[in-house]
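1. Quick check, what structure comes out for this input:
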Amino acid sequence: MILRKTKIVATLGPASSSEEVLERMISAGVDVVRLNFSHGSAQDHIDRAKLVREIAARHRRPVGVLCDLQGPKIRIGRFENDKIQLAVGDPFILDATCTLGNQERVGLDYKTLPAEVKPGAVLLLNDGRIVMTVNAVRGNEIHCTINAGGTLSNNKGINLKGGGLAADAITNKDIEDIKTAAALDADYVAISFPRSAADVQLARALVRAAGGKANIVAKIERAEAIDALEEIIEASDVIMVARGDLGVEVGDSVVPGLQKRMIRMARAQNKLVITATEMMESMISNPVPTRAEVSDVANAVLDGTDAVMLSAETAAGAYPVESILAMHRVCMDAEIDYDSHLLKAKLNPEFQRIDESIAMAAIYVAHHFKVKAIAALTQSGSSVVWLSRSNTIVPIYALSPEKSTRRKLTLHRGVYPFPFEEESHDTEKVIYAAEEELLQRGAVQEGDLILLTIGEPIGKQGSTNTLKIIKIGEHRTS
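-> Residues are numbered from 1 along each chain as shown. Coordinates of the predicted model:
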């Protein structure tokens, strides 16, 4: 059994589409797969989600599915010869009416860009590798001078330094893709480039209207999102520290501090955090990560992130399984040194709910009494969320009859969900069955002390109100 607290999200793509590779990835420790809706057809995504869940069922462990919406395409068009070379000082035109680009100009997918930039603005293309200053805007043409040159190829992204572009976070394509996410029963839906809580709320409403139950992930990618960070976190279930576009807009040197700040703010609101982008980028073509990448992943773990994400490493790289194993190894070693302070993430002096009070009581006992595990019998998973935020070194086993609950809990730090079906309403029989499940899974042994949270009367959702200290095998009845 993998007792890694930090969860691993792996992006699927051409390198990770076959059943054999997916099986190895899940065996290596993937907790959540990311379906990137910028690529592939709706049926591709539905088929991949189905295959992942079939393999996960064979391995008797849930694997979550995260559908990542493309968001607005703020990109250049295509070139006659696919790419050009730009040198410092070259003039260049971004032309909303151009069909095929050349050495002098290129078209725009985002047709309103000329109306949204002014002379003096700095545009960054291809993840900031190409930098150009706007000299003038003449109708549909943006006349620029190259400040940092290099190769510019088809369909590269455009960012405005400092942010400020008006593109809607949710496009018509996203609305259709949300219907696909609902059809494949996604556990999480990620919205790209949100600027405010309203963007997140709209995404949630669209997911619910499509019949989906997915939790909403807000990808923090825009400079404007930093100004609205608190309200975006409050409106979402998860935030993703999407360091690529964010770094281009606000400056790469600012991102490490923002990452730490976002993790602190999310944990303070009991929301989840995924740290993403180029975490093990060199493993696209190399079987081992660089020391800098190891430090990057480890520092995210030490900051308290719930999950770390692999993108091109598993989607298109030569070593998708090795990337997961490397990330697993780094997370495990970093967690040894993780500073676990009692109730560190609990900032409010009073508890607002009974299940929260039970969860915090369990954490207090776990820190002051030698127990092997915390077992939470849960339907909705709400009590487990409180347990997960506490930084306890004791593993938290979530035993739930609800498949959707188990899959969503795959993203929660330090939580290991199991299927648990028990029709009896007799508390002692349910506890006996829970002990047997934990024993069969190898989570505990005879004689171990565990903490068990349960709701009484049995079977009532949202009623976790009891904490028991149990010695495995001592008081069970057949």
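2. and the residue nearest to Ile324 when sequence neighbours are not counted, how many neighbours?
-> Nearest residue to Ile324, sequence neighbours excluded (CB to CB, 6 or more residues apart in numbering): Ala28, at 4.2 Å. All C-beta atoms are positioned from the backbone trio N, CA, C, and that covers glycine. A total of 19 residues lie near Ala28 under the criterion other CB atoms under 10 Å.
3. Ala28 contacts Met327, correct?
-> No - with contacts counted by CB atoms under 8 Å, Ala28 stays clear of Met327, the gap being 9.2 Å.
4. What separation do you get for the residue nearest to Ile324 and Leu165?
-> Using CB to CB, to the nearest Å, one obtains 39 Å as the distance from Ala28 to Leu165.
5. any idea how far Glu234 is from the closest residue to Ala148 other than its chain neighbours?
-> Excluding its sequence neighbours, the residue lying closest to Ala148 (CB to CB, 6+ apart) is Val131, at 3.9 Å. Distance of Val131 to Glu234, given as CB to CB: 35 Å.
6. Just want to know which of these two has more residues nearby.
-> Ranked by neighbour count (other CB under 10 Å), Val131 and Glu234 place Val131 first, with 21 against 12.
7. Asn135: neighbouring residues, count only.
-> Asn135: 15 neighbours (other CB under 10 Å).
8. List the contacts of it.
-> Residues counted as contacts of Asn135 (CB atoms under 8 Å, 6 or more residues apart in numbering) are Pro119, His143, Cys144, Thr145.
9. does the first one sit in a helix, a strand or a coil?
-> Think Pro119. coil (DSSP: H, G, I helix; E, B strand; the rest coil).
10. what pLDDT does it get?
-> Pro119 carries a pLDDT value of 97.
11. contacting residues for it?
-> Residues in contact with Pro119 (CB under 8 Å, 6+ apart) are Val134, Asn135, Ala136, Val137.
12. how would you label the last one: helix, strand or coil?
-> Three-state secondary structure (criterion: three-state DSSP) places Val137 in strand.
13. Give me the nearest residue to it, chain neighbours excluded.
-> Pro114 (5.3 Å).
14. my read is the one you found is in a helix, agree?
-> Yes - the assignment for Pro114 by three-state DSSP puts it in a helix.
15. Which residue ranges of the stretch 301-450 of the chain form helices?
-> Counting by DSSP state H, counting those that start in this stretch, the segments of the stretch 301-450 of the chain that form helices are 312-315, 320-336, 354-368, 382-388, 403-408, 427-441.
16. and the fifth one, which residues are buried?
-> Right, the one you point to is helix 403-408. Ser404, Thr405, Arg406, Arg407, Lys408 (16 or more other CB atoms under 10 Å).
17. Enumerate every residue touching the residue nearest to Val137.
-> So Pro114 contacts Leu94, Ala96, Val137, Gly139, Asn140, Glu141, Ile142 (CB under 8 Å, 6+ apart).
18. switch the cut-off to 10 Å
-> Residues near Pro114 by CB atoms under 10 Å, 6 or more residues apart in numbering: Leu94, Asp95, Ala96, Thr97, Leu108, Val134, Val137, Arg138, Gly139, Asn140, Glu141, Ile142.
19. Can you say which helix or strand has Thr145 in it?
-> In the assignment (DSSP states H and E), Thr145 maps to strand 141-148.
20. After that strand, which helix or strand is next?
-> strand 150-153.
21. CA atoms only for that next one - export them in PDB, please.
-> C-alpha atoms of strand 150-153 as PDB (Å, rounded to 0.1, in the frame of the first residue of the first chain):
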ATOM      1  CA  GLY A 150      14.400  33.500 -31.300                       C
ATOM      2  CA  THR A 151      12.300  30.900 -33.100                       C
ATOM      3  CA  LEU A 152       8.500  31.600 -33.400                       C
ATOM      4  CA  SER A 153       6.400  28.800 -34.700                       C
END
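22. residues making contact with that strand?
-> 76, 78-79, 81-88, 92, 101, 106, 125-126, 129-132, 146.
23. Same list, the helices of the stretch 301-450 of the chain, but as JSON lines with distance to Ala198 please.
-> Below are these laid out as JSON lines (distance: least, CB to CB, whole Å):
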{"stretch": "helix 312-315", "distance to Ala198": "31"}
{"stretch": "helix 320-336", "distance to Ala198": "34"}
{"stretch": "helix 354-368", "distance to Ala198": "28"}
{"stretch": "helix 382-388", "distance to Ala198": "25"}
{"stretch": "helix 403-408", "distance to Ala198": "24"}
{"stretch": "helix 427-441", "distance to Ala198": "43"}
